[in-house]
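1. pasting the structure only:
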Ligand code: SF4
């Protein structure tokens, strides 16, 4: 039997998620927002849930929070098209309320399969809902900027870009965290490169994070 490539697995999963009716959010959504990005990204971002714009179009982080994230990524030299972006739940909760624990649990399998297929170098958790859902964390503001290792996966913690809309002082935190995340990925690449250099002296020139 021919094994599936990661892109095939990701596309298969996205198709399944688009048909999902495992929780009540399937009854009120316009579109499922499975996630967006390349099949083997350096960084995978996980937020809370799609909002109104995302629900209308079926793409993640395209409203005001998305614009804040884009600007912070750009300042840090991270190419958005080279990272994978998704949420803890793939359907919009009515009135943008926080997804319930039952909804998060119902959607957990989709997220875990995405993490497994994508196998990113690092996962960036955006905000307290994702922090609590994935790591049982309490205060993202207190813990932001930290790296947590769990079950062999590295998680980077930062605030949700939407929180910047209500608390402007968090913008500097988000921007500084994206710079730290970019540095972390570059350091990881340097280590990879050192290992490769021992095997092969010919090296490609440095590239922007996210570019393949
Ligand atoms: S939120 Fe997740 S579990 Fe619920 S219907 Fe949407 S895809 Fe399925």
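-> Received, thanks. Not measured: the values here are computed from a predicted model. Numbering: from 1, shown residues only.
2. Do you know the pLDDT at residue 189?
-> In this model, residue 189 is scored at 77, pLDDT.
3. In which helix or strand does it reside?
-> Here residue 189, judged by DSSP states H and E, is contained in helix 170-199.
4. Now for the residue nearest the centre of the chain: which residues touch it?
-> Centroid check for the chain by C-alpha atoms, centre = their mean gives residue 45 as the closest residue, at 1.4 Å. Going by C-beta atoms under 8 Å, 6 or more residues apart in numbering, residue 45 touches 61, 69, 83-86, 123-124, 126. Any C-beta I mention is one placed from the backbone N, CA and C, and that applies to glycine too.
5. ditto for residue 155
-> Applying C-beta under 8 Å, 6+ apart to residue 155 gives the contacts 122-125, 134-135, 147-149.
6. Return the subset of the residues you listed lying in strands.
-> Residues of these located in strands (DSSP state E): 122-125, 147-149.
7. thinking again about what came up before, tell me which of the contacts of residue 155 is nearest to residue 90?
-> Set against residue 90, the nearest of the contacts of residue 155 by C-beta to C-beta is residue 134 (15.0 Å).
8. circling back: spell out the secondary structure type for the residue nearest to the centre of the chain.
-> strand (DSSP: H, G, I helix; E, B strand; the rest coil).
9. Return only those of the contacts of residue 155 found close to the ligand.
-> Among the contacts of residue 155, no residue sits close to the ligand (C-beta under 6 Å from any ligand atom).
10. sorry, back to before: so the residue nearest to the centre of the chain bridges to which residues?
-> In this entry, residue 45 is beta-bridged to residue 85, residue 124, by DSSP bridges.
11. count of neighbours near residue 147?
-> The number of residues packed near residue 147 is 12, by other C-beta atoms under 10 Å.
12. average pLDDT for stretch 39-52?
-> Here the average pLDDT along stretch 39-52 is 97.
13. so who does residue 37 touch?
-> 44, 81-85, 118.
14. Just send these back as TSV, with neighbour count too.
-> Output for those, formatted as TSV (neighbours: other C-beta atoms under 10 Å):
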residue	neighbour count
44	24
81	11
82	18
83	22
84	25
85	24
118	21
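15. Out of those, give me the two with the largest separation.
-> Taking C-beta to C-beta, no two of the contacts of residue 37 sit farther apart than 81 and 118, at 14.8 Å.
16. hang on, residue 90 in a helix?
-> No. Residue 90 is assigned coil when assessed by three-state DSSP, not a helix.
17. correct me, but it touches residue 108?
-> No. With contact defined as C-beta atoms under 8 Å, residue 90 and residue 108 do not form a contacting pair (11.0 Å).
18. Tell me which of these two has more neighbours.
-> More neighbours surround residue 90 than the other of residue 90 and residue 108, with 31 against 15 (other C-beta under 10 Å).
19. quick one: the more buried one from residue 146, how far?
-> Going from residue 90 to residue 146 by C-beta to C-beta, to the nearest Å gives 27 Å.
20. Residue 157 is in contact with residue 143, correct?
-> Yes. In terms of C-beta under 8 Å, residue 143 counts as a neighbour of residue 157; the distance is 5.2 Å.
21. Looking at those two, which is more packed in?
-> A direct count of neighbours by other C-beta under 10 Å for residue 143 and residue 157 places residue 157 higher, at 26 against 16.
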